[in-house]
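Peer 1: mind looking at a prediction? Sequence and model below.
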Amino acid sequence: QLTRPGATEGQLQTSPPCTKGGDQVAAQGPGNDWRCVVSWHVPGVEAAASSLGLPLQDRAAGPFDIVGRQNEGPTGDAAFVPTSPDYFQTLRIPVLVGRRFEARDDEASPPVVIINEAMAERYWNDGSNPLQERIRFGTGIPGASDEPARQIVGIVGSIRQDGITADPAPAMYVPHGQVS
């Protein structure tokens, strides 16, 4: 059995009073209730991040389209994973091309997405550059028509989301601040 001693109140240190990110974070809009900037210093913890679904757990997946491609139906299927900016760094998932999410990737900025290497290899196997494309998640799903087209800003290494023996599956990551 794995056990870990609990952190005491004395070990938890917060940063100055919560400012909700100051001028870096909008006071209104999707996600503003969770983006309060607080840092805790827990001995032995090097990094922390958040996502909707962790590796080896169920996650949302569905159809998507590559904007501008002519298809009969959706282009394909991929996992849809909202994450915090430090997700890839925390899980040591390398950014292969492009950039990570930044605090500026919020509801007031253009919609962005990061795809994994498995998705790039499967749907851009013609030599085209994914970083010059936009994708829209939820094609054909009732209620998902409001999902905006997102600019691909990065490609990250693939993880074995569906099990340690399963091949990596296509995945797209979106910043928490752009998901309502």
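Peer 2: On my side now, so go ahead.

Peer 1: from the contact counts, what lies against the longest helix anywhere in the chain?
Peer 2: Ranked by residue count under DSSP state H, the longest helix found in the chain is helix 117-123. Applying 3 or more C-beta pairs under 8 Å, 6 or more residues apart in numbering; DSSP states H and E, we find helix 117-123 packed against strand 76-83, strand 150-156, strand 171-175. Using the backbone N, CA and C atoms, a C-beta is placed for each residue, glycine as well.

Peer 1: could you dump these into a markdown table with mean pLDDT, distance to Val45 and mean neighbour count added?
Peer 2: A markdown table is the format used below for those (pLDDT from 0 to 100; distance: least, C-beta to C-beta, whole Å; neighbours: other C-beta atoms under 10 Å):
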| stretch | mean pLDDT | distance to Val45 | mean neighbour count |
| --- | --- | --- | --- |
| strand 76-83 | 90 | 18 | 20 |
| strand 150-156 | 97 | 22 | 21 |
| strand 171-175 | 94 | 22 | 22 |
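
Peer 1: distance to Leu54 added to these, as TSV?
Peer 2: What follows is those, written out as TSV (distance: least, C-beta to C-beta, whole Å):
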stretch	distance to Leu54
strand 76-83	9
strand 150-156	15
strand 171-175	12
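
Peer 1: select, out of those, the one closest to Phe137.
Peer 2: strand 76-83 (5.3 Å; C-beta to C-beta).

Peer 1: off-centre distance for the closest one?
Peer 2: Put simply, strand 76-83 sits 8 Å off its chain's centre (C-alpha atoms, centre = their mean, to the nearest Å).

Peer 1: the helix or strand following that strand - what's its average pLDDT?
Peer 2: As assigned by DSSP states H and E, the chain's next helix or strand after strand 76-83 is helix 87-90. Helix 87-90 carries an average pLDDT of 91.

Peer 1: just the buried positions in helix 87-90, please.
Peer 2: Residues 87-88, 90 are the ones in helix 87-90 that count as buried (16 or more other C-beta atoms under 10 Å).

Peer 1: check contacts around the residue lying closest to Asp77 once chain neighbours are set aside.
Peer 2: Closest residue to Asp77 apart from its sequence neighbours, by C-beta to C-beta, 6 or more residues apart in numbering: Pro63 at 5.6 Å. Contacts for Pro63 were tallied using C-beta atoms under 8 Å, 6 or more residues apart in numbering; they are 73-77, 137-141.

Peer 1: Provide a ChimeraX selection command restricted to the buried entries of the residues you listed.
Peer 2: In ChimeraX, a selection of the buried entries from the contacts of Pro63 looks like this (16+ other C-beta under 10 Å):
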select :74,75,76,137,138,139
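
Peer 1: what is the nearest of the contacts of Pro63 to Glu121?
Peer 2: Gly76 (11.9 Å).

Peer 1: and that closest one, bridged to which residues?
Peer 2: Phe64 (DSSP bridges).

Peer 1: that one contacts Phe64, correct?
Peer 2: Yes. Gly76 is in contact with Phe64 according to C-beta atoms under 8 Å; the separation is 6.4 Å.

Peer 1: cool, thanks, talk later.
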